[in-house]
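Visitor: For reference, the sequence and a predicted model appear below.
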Amino acid sequence: MTAAIPTLSVLTTARLTLDALTPADAAALFTMQSDPEVTRYLSMEPMHDVSEAVTLIAALARRAEAGEELRWAIRRTVDVVAGGAGSGRMIGVISLSEPHNPRRRAEVGYGLARDVWRQGYAREAMGAVLDYAFGPLQLNRVEALVYAENEPSRALLRTLGFVEEAYLREHAWEKGRYWDDVILALLASDYMASRH
């Protein structure tokens, strides 16, 4: 019997609500993804028009329906309370790619708007997604592929228990140059041990 495709559950932390990315988030997504500093270590170029954000949100909805990706909008709970789930400014996104596979592993990705950097939101959102990945989704392994130059992201992942397993020289050709990549991974057994 094939396991059901996971659906996007609303996740909450002390300060954050992680819920579905909706067409209403297009302007906030565009603002974030048009910032060259935000996209500096992403494989995508900065967006130039809000229509690109609209198109991306629709594509992500199709990927979710196919079980290829779970992507949450990160919102401050204080901004959501009055309007309920799906309301409040989106301050970032976080995803699990391929969460529905027989190997029980997924790749995590995340990004935050620059005006909320260095406030602990990425770590908090990651904690909620890891709890979900190793809990209800019953994944065994969560991986991250990070540009080697992206030391802030590598440091965040290490504080969460991720281990740097491989350094891939000139692994990606993007933005007119080669980039070295680092593969980091966290196993369910290590994550659960660190929680006790």
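Guide: Here it is on my side, so go on.
Visitor: what does the least confident helix or strand in the chain by mean pLDDT rub up against?
Guide: In the chain, no helix or strand scores lower on mean pLDDT, DSSP states H and E than helix 77-80, which sits at a mean of 81. Residues outside helix 77-80 that contact it (Cβ atoms under 8 Å, 6 or more residues apart in numbering): 12-13, 15-17, 19, 87-89. (Glycine included, C-beta is placed from N, CA and C.)
Visitor: among those residues, which are in helices?
Guide: Using DSSP state H, no member of the contacts of helix 77-80 sits in helices.
Visitor: Just the buried ones among those residues, please.
Guide: 13, 16-17, 19, 88-89 (16 or more other Cβ atoms under 10 Å).
Visitor: Just put those in TSV and tack on pLDDT and distance to Val142.
Guide: Listed next are those as TSV, based on pLDDT from 0 to 100; distance: Cβ to Cβ, whole Å:
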residue	pLDDT	distance to Val142
Thr13	95	17
Leu16	95	18
Thr17	94	21
Asp19	93	20
Gly88	80	26
Arg89	88	27
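Visitor: Output the residues you listed in JSON lines, with distance to Met32 appended to each entry.
Guide: What follows is the buried ones among the contacts of helix 77-80, written out as JSON lines (distance: Cβ to Cβ, whole Å):
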{"residue": "Thr13", "distance to Met32": "20"}
{"residue": "Leu16", "distance to Met32": "16"}
{"residue": "Thr17", "distance to Met32": "17"}
{"residue": "Asp19", "distance to Met32": "16"}
{"residue": "Gly88", "distance to Met32": "15"}
{"residue": "Arg89", "distance to Met32": "10"}
